[in-house]
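A.B. asks: need a structure here:
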Amino acid sequence: MKIIKCWDIQVWDGGERHNHRYYVATKEAADEWKFRNKYDEVYEKEFVILDDLGEVEAFKNGELRKQALAKLTDAEKVVLGLK
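C.D. replies: You can find the predicted model right below:
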């Protein structure tokens with residue numbers, strides 16, 4: 001599994017839309033683009049590349065676990081023995 005974090009640069013078309021133009025690898029490059037092009041938009045993206053279908057289920061289960069744990073209070077985590 002590989003996780004690729006990048007920034008999506010979307011260029012303003014002069015009307016009401018922004019269209020994807022580039023991906024950059026660093027936040028600094030994205031910030032520099034935004035500074036030079038004030039009407040364009042920059043969005044952080046994360047791509048998860050799984051090596052096989054077996055990793056898909058494991059990844060989904062891990063994400064579900066993170067979501068469930070985020071809903072618990074610290075006291076609930078202690079009672080469940082998670083802290």
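
A.B. asks: What strands line up against whichever strand or helix holds V11, and which way round?
C.D. replies: Counting by DSSP states H and E, the element that carries V11 is strand 2-12. Taking DSSP bridges as the criterion, strand 2-12 sits next to strand 18-24 (antiparallel), strand 41-49 (antiparallel) in its sheet.

A.B. asks: List the buried residues in the last one.
C.D. replies: Same thing as strand 41-49. V42 (16 or more other Cβ atoms under 10 Å). Placement of C-beta: from N, CA and C, glycine included.

A.B. asks: Check what contacts that strand and list those residues.
C.D. replies: 1-10, 12, 18, 23, 27, 30-31, 33-34, 59 (Cβ atoms under 8 Å, 6 or more residues apart in numbering).

A.B. asks: Buried subset of these as a PyMOL selection?
C.D. replies: Selecting only the buried entries of the contacts of strand 41-49 in PyMOL, with 16+ other Cβ under 10 Å as the criterion:
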select buried, resi 6+7+8+9+18+30+33
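
A.B. asks: that older thread, could the strands paired with strand 2-12 go into CSV alongside distance to V78?
C.D. replies: Supplementary listing: the strands paired with strand 2-12 in CSV, determined by distance: least, Cβ to Cβ, whole Å:
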stretch, distance to V78
strand 18-24, 42
strand 41-49, 31
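
A.B. asks: With respect to A70, which of these lies nearest?
C.D. replies: strand 41-49 (17.0 Å; Cβ to Cβ).
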